[in-house]
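# Okay, here's the prediction I keep looking at, along with the sequence it came from:
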Amino acid sequence: TVMNLPFPLLEASIGDLLDRQAGGTLTARQTCELYLERIEAVDRAGPQLGAVLEINPQALAEAKTLDRERAAGRLRGPLHGIPLLIKDNIDTAAPMSTTAGSLALAGSVPDRPAPIVERLTAAGAIILGKANLSEWANFRSTRSTSGWSSLGGQTRNPYALDRNPSGSSSGSGAAVAANLAPAALGTETDGSIVSPAAACGIVGLKPTVGLVSRTGIIPIAESQDTAGPMTRTVRDAALLLQVLAAPDPADPATRQARIEGDYTAFLQAEGLQGARIGVGRQFCGRHPLIDALFEEALETISRLGGTIVDPVEIPTLNDWREAEFTLLLYEFKDGLNRYLAGLGAAAPVQSLDALIEFNEQHAAQVMPFFGQEILMKAAACGPLTDPAYLKARDKCRALSREKGLDAVFQKHGLDALIAPTRGPAWLIDPVNGDSHTEGASSAAAVSGYPHLTQPLGSVHGLPVNLSWMGLPWQEGRLIQYAFAFEQEQPARRPPAFLPSAAIDGLP
C-alpha cells in the first residue's frame, strides 16, 4: 500500500524545504519530482484521492531554472523553489486551463494568470498543478456532493476514503493533508477554505475580503469571495499570506486593505498572553467528542496566558441566511457573466445562460447526480441595481458586522472569537448529496472578516479543527494566537488512507 512507501518529504514544511535547498541537500527539481511521484502514487493510483485535476507540464523546467538562479546566488523571493497547487477556479497561464471543475470550461486558458498567481511565481514558487474542487465552487445545486466536479470526479478524504473532504476547496485540502504538495491555494465565499481544511486536518486561512486580489478568480460573490492559503502549519500560512497580500488596482476591495509589513513577525510562542478570547458556544453541541477537545483547548489557552470570555453570543447568527443567499445569487450572475465575457471569443461558454444550456446538452456527464437549480435561480435575477439585491446586501452587512461581530467584539472587549470549526467529515453520498451540519464559517464569511482554522485533534480517526475569528485586517493577530496554540498543542497527524473511519469495537 501507499503507506508502506517511504516518502522523504512527509510533513515537510515550506521552511524545511527552503533550508534543504539552501543547504544543497535537495534541489527545486528534486522537490517537484518527489511531489509528482507522490501525486502519481496517491492521487492517480493507490487510494485514488482525485485531488489534482491537472499537472503543470512545465513544472520541472521551471524548477530547473530556479535551481540555476539559486546556484548563481539569485533568489526571487521567500518561496524560491517551492511547489504549490492552485485551486482550479484561479487563473493560471498556458499550458494549464482554468475550469472551476466544469466540463463547459474544459480547455479554457485565460490570457494571463491571476495577480495572486503572478505574485507567487515572482516570489519563486512553482505551480505544480491545479486542484479539483466542488464544481462552480459548490454554487450549482442545493443537492450537490462536495468535492465532485464533472471534470475531476469525486475527491476523497485521505483519512477515510469513503468520507467527504468537504468543499469547495476539496482538492486543495485533501492534497495538502495527503502531502501531495507543501501547500495550496483555496478560495472561500462561505466555508470553502475553512471547511475542507477542518475536514482534512490542516490549517486554512480565509483573509479579510480585500486583503488579497480577486482578479482572475472565477467568482461567486464580490462581497464575500477571497483566496487564501491552505497549509500544514500556521507558519506556512503566514509565509504564503506574506506573498499574497497586496493591493490590486483592478480589485476595488483591495484599496481599503491594511496590510501588515511582515506576517511572520506574529509567529510568537507566547502570543496568547493577555489576549481576550471569546467562546462561541453557539457552535458547540455538534459532537460530544469535539466539545471535549474544545474544552481542552480552552484550558490550553488559559494556561498560555489568554483570558477566556465565556460564553459569547452572536445575537444575529441565524438572521442573515436568506439575505445571504439572495446576495450570492445576484452577485454570482453579475460576476460570472463578466468573467466569462472576459475570456473572449475562444471560450466555450460566454455567459451564465450559455452555461446552463451547455449543461442541459451534456446532462449525462454534468448532472448524473444533481442538477443546476442554483445556476437557474441566479440567471433569473436582475441587475445589481435591483431593490431586492440592495436590501439583501444592506441586511447582510448590518446583521453580520454592526449588529454581529463588531457589536460582540466591542461589548466583550475581544481580541478573537473561537469555536469548533465543524463536525467530522460525513460520508460521500451522491444519491442524497451532502449531509453535513452547519459549520462556524458564516459570521466571518458574510461580514468579510478573517477566519483561521487549525488542527484540534481527531474523532474516530477523523480530523477536527479549532476556528479563530477576528475583526477586519487582524490576520496577524489570528496567526499569533493560532501559532502559540499550535506550539503548545500540535494536533496535526498525517492521514492513513483508511477505506473507512476506524471505529473502536467494530470489525
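The structure has been received and is ready for your questions.

# these two touch, right, residue 326 and residue 394?
No: using C-beta atoms under 8 Å, residue 326 is not in contact with residue 394; the gap is 11.4 Å. In short, each C-beta sits where N, CA and C put it, glycine included.

# more neighbours, those two?
residue 326 (20 against 12; other C-beta atoms under 10 Å).

# host element of that one?
Per DSSP states H and E: residue 326 is located in helix 321-342.

# Dump the C-alpha coordinates for whichever helix or strand comes after that helix into PDB.
Following helix 321-342 in sequence order, the next helix or strand is helix 352-361 (DSSP H and E). The C-alpha trace of helix 352-361 is given here as PDB (Å, rounded to 0.1, in the frame of the first residue of the first chain):
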ATOM      1  CA  LEU A 352     -24.400  32.100 -17.500                       C
ATOM      2  CA  ASP A 353     -27.300  31.400 -19.900                       C
ATOM      3  CA  ALA A 354     -24.900  29.700 -22.300                       C
ATOM      4  CA  LEU A 355     -23.500  27.600 -19.400                       C
ATOM      5  CA  ILE A 356     -27.000  26.500 -18.400                       C
ATOM      6  CA  GLU A 357     -27.700  25.400 -21.900                       C
ATOM      7  CA  PHE A 358     -24.400  23.600 -22.200                       C
ATOM      8  CA  ASN A 359     -25.100  21.700 -19.000                       C
ATOM      9  CA  GLU A 360     -28.600  20.700 -20.400                       C
ATOM     10  CA  GLN A 361     -27.000  19.400 -23.600                       C
END
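
# now the helix holding residue 326 against helix 352-361, angle please.
90 degrees (axes from the mean of the first three to the mean of the last three C-alpha atoms, to 10 degrees).

# What lies in contact with helix 321-342?
139, 189-190, 218-225, 347, 349-352, 354-355, 374, 377-379, 381-384, 386, 388-389, 391-393, 395-396, 399, 442, 446 (C-beta atoms under 8 Å, 6 or more residues apart in numbering).

# And the residue lying closest to residue 139 once chain neighbours are set aside, what's its pLDDT?
Distances taken as C-beta to C-beta, 6 or more residues apart in numbering place residue 220 nearest to residue 139, at 5.1 Å, with adjacent residues excluded. Looking at residue 220, its pLDDT reads 98.

# same question, the one 4 residues further on
Among the per-residue scores, residue 224 holds a pLDDT of 98.

# Next, name the residue at the spatial heart of the protein.
residue 193 (2.5 Å; C-alpha atoms, centre = their mean).

# residues touching that one, list them.
Counted by C-beta under 8 Å, 6+ apart, residue 193 has contacts 169, 186, 187, 204, 205, 206, 228, 230, 453.

# do that again at 7 Å, thanks
169, 186, 187, 204, 206, 228, 230 (C-beta atoms under 7 Å, 6 or more residues apart in numbering).

# Is it possible to get a markdown table of these that adds secondary structure, pLDDT and neighbour count?
A markdown table is the format used below for these (DSSP: H, G, I helix; E, B strand; the rest coil; pLDDT from 0 to 100; neighbours: other C-beta atoms under 10 Å):
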| residue | secondary structure | pLDDT | neighbour count |
| --- | --- | --- | --- |
| 169 | coil | 98 | 40 |
| 186 | strand | 98 | 34 |
| 187 | strand | 98 | 27 |
| 204 | strand | 99 | 32 |
| 206 | strand | 98 | 36 |
| 228 | strand | 98 | 30 |
| 230 | strand | 99 | 35 |
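
# now those as JSON lines including distance to residue 330?
Listed next are these as JSON lines, based on distance: C-beta to C-beta, whole Å:
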{"residue": "169", "distance to residue 330": "23"}
{"residue": "186", "distance to residue 330": "24"}
{"residue": "187", "distance to residue 330": "19"}
{"residue": "204", "distance to residue 330": "27"}
{"residue": "206", "distance to residue 330": "22"}
{"residue": "228", "distance to residue 330": "24"}
{"residue": "230", "distance to residue 330": "28"}
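
# Tell me, how many residues neighbour residue 101?
33.

# mind checking how far it is from residue 267?
34 Å (C-beta to C-beta, to the nearest Å).

# cool, residue 34 as well?
On the measure of C-beta to C-beta, residue 34 and residue 267 end up 26 Å apart.

# Looking at these two, which one has more neighbours?
residue 267 (21 against 18).

# What ranges in the protein fall below the confidence cut-off?
Within the chain, the stretches with pLDDT under 70 are 1-5, 503-507.

# ok, the residue of it most remote from its centre to residue 250 distance?
Distance from the C-alpha centroid of the chain peaks at residue 72, with 35.5 Å (C-alpha atoms, centre = their mean). Separation of residue 72 from residue 250 (C-beta to C-beta): 34 Å.

# go on, residue 51?
For residue 51, the distance to residue 250 - C-beta to C-beta - is 30 Å.

# out of those two, which sits in the busier spot?
Applying other C-beta under 10 Å to residue 51 and residue 250 shows that residue 51 carries more neighbours, namely 32 against 10.

# In this structure that one contacts residue 171, no?
Yes: the pair residue 51 / residue 171 is scored as a contact, 4.2 Å apart, by C-beta atoms under 7 Å.

# list residues touching both of those two?
131, 132, 155.

# Among those, which one has the most neighbours?
Of the shared contacts of residue 51 and residue 171, with other C-beta under 10 Å as the count, residue 155 tops at 36 neighbours.

# Please give the number of neighbouring residues around residue 249.
By other C-beta under 10 Å, 10 other residues sit near residue 249.

# Equivalent analysis for residue 224, please.
24.

# That one belongs to a strand?
No: using DSSP: H, G, I helix; E, B strand; the rest coil, the assignment for residue 224 is coil, not a strand.

# how near is residue 283 to residue 44?
37 Å.

# Neighbour count: these two, which is higher?
residue 283 (24 against 12).

# contacting residues around the more buried one?
Here residue 283 is in contact with 419, 420, 440 (C-beta under 7 Å, 6+ apart).

# before we move on, what about residue 404?
Contacts of residue 404 by C-beta under 7 Å, 6+ apart are 314, 316, 443, 447.

# Please enumerate the strands of the stretch 1-150 of the chain.
52-55, 83-87, 126-131, 148-149 (DSSP state E, counting those that start in this stretch).

# out of these, which comes closest to residue 243?
Of all these, strand 83-87 sits nearest to residue 243, with 10.1 Å by C-beta to C-beta.

# can you give me the angle that closest one makes with strand 126-131?
Going by the same axes, to 10 degrees, strand 83-87 makes 30 degrees with strand 126-131.

# and strand 83-87, C-alpha only, in CSV?
Once non-C-alpha atoms are left out, strand 83-87 reads as follows in CSV (Å, rounded to 0.1, in the frame of the first residue of the first chain):
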residue,chain,number,x,y,z
PRO,A,83,5.9,23.8,-5.5
LEU,A,84,2.3,24.7,-4.8
LEU,A,85,-1.1,23.5,-6.0
ILE,A,86,-3.7,26.1,-7.1
LYS,A,87,-7.5,25.6,-6.9
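
# Tell me which residues are up against stretch 471-491.
Contacts of stretch 471-491 (C-beta under 7 Å, 6+ apart): 205, 207-208, 211, 233-235, 237-238, 241, 257-258, 260, 263, 266-272, 275, 300-301, 304, 405, 409, 415-416, 449-450, 452, 454-457, 468, 470.

# Just the ones of those in helices?
Counting by DSSP state H, the part of these found in helices is 234, 235, 237, 238, 241, 300, 301, 409.

# one step back: adding distance to residue 90, write the contacts of residue 404 out as CSV.
Compiled in CSV, these are given as follows (distance: C-beta to C-beta, whole Å):
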residue, distance to residue 90
314, 31
316, 32
443, 25
447, 23
